[in-house]
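Trainee: Need the 3D shape of this:
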Amino acid sequence: MKGLRAAAALAAVLVLAGCSASSGPDTPPTTTVTVYAGGFATSGKTTVAGYWKDGAWNGLANPHGASYDASVNAVLVSGSTVYAGGYALTSGGAADSGDWQNGSWVSLSVGNGGVVNALTASSTDFYAAGYGISGKVNVPGYWKGTTWNPLDNSFGVG
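Mentor: You can find the predicted model right below:
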């Protein structure tokens, strides 16, 4: 077992040595990767929306008040803008779908509320996908900017 540990340590040293910085032509380019993860943290009885950037927590304020739950379901970084999509509960308990753009809330709700579950962007447009609530039915769809585009829900599932 000691030999196995030593071999693993040696392999790690060789990999690190192979990645050392130098100015030679055989040096691979180095890149910096920033990791984002969305979700929520619990504060007392309330869930606070936010995201982690390289392990550091960035809490996002619920625009309807700090005593109401909120969550981030998707994170997108485009240029210098961090988009965090999800929902923020209102005083009436409805889920207000939307996204935080660099910490500022943009509501995307339709009907009786909704939730953002995915985000993407092109060079000119921002898209959020999820569902809006019509009556008691979740209607799948997407937002292009802030315009709601419902998708066929002919099964009435939701």
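
Trainee: where does this protein dip in pLDDT?
Mentor: 1-25, 154-158 (pLDDT under 70).

Trainee: Centroid-nearest residue for it?
Mentor: The centroid of the chain falls nearest to residue 75 when counting by C-alpha atoms, centre = their mean (2.2 Å).

Trainee: buried sites along the helix or strand hosting that one?
Mentor: Counting by DSSP states H and E, the element that carries residue 75 is strand 70-78. If you call a residue buried by 16 or more other C-beta atoms under 10 Å, then strand 70-78 has these buried ones: 70-76. In this view, the C-beta of every residue, glycine as well, is placed from N, C-alpha and C.

Trainee: before we move on, what about stretch 126-136?
Mentor: 126, 128-134.

Trainee: cool, and stretch 27-37?
Mentor: In stretch 27-37, counting by 16+ other C-beta under 10 Å, buried: nothing.

Trainee: Could you work out the end-to-end span of that stretch for me?
Mentor: End-to-end distance for stretch 27-37: 31 Å, by C-alpha to C-alpha, to the nearest Å.

Trainee: what residues does it touch?
Mentor: 19, 21, 51-55, 75, 77, 82 (C-beta atoms under 8 Å, 6 or more residues apart in numbering).

Trainee: follow-up on the earlier one: run a quick check on the residue nearest to the centre of the chain versus residue 119, I expect a contact.
Mentor: Yes - using C-beta atoms under 8 Å, residue 75 is in contact with residue 119, at 7.2 Å.

Trainee: Kindly point out which residues are neighbours of both of those two.
Mentor: 83, 85.
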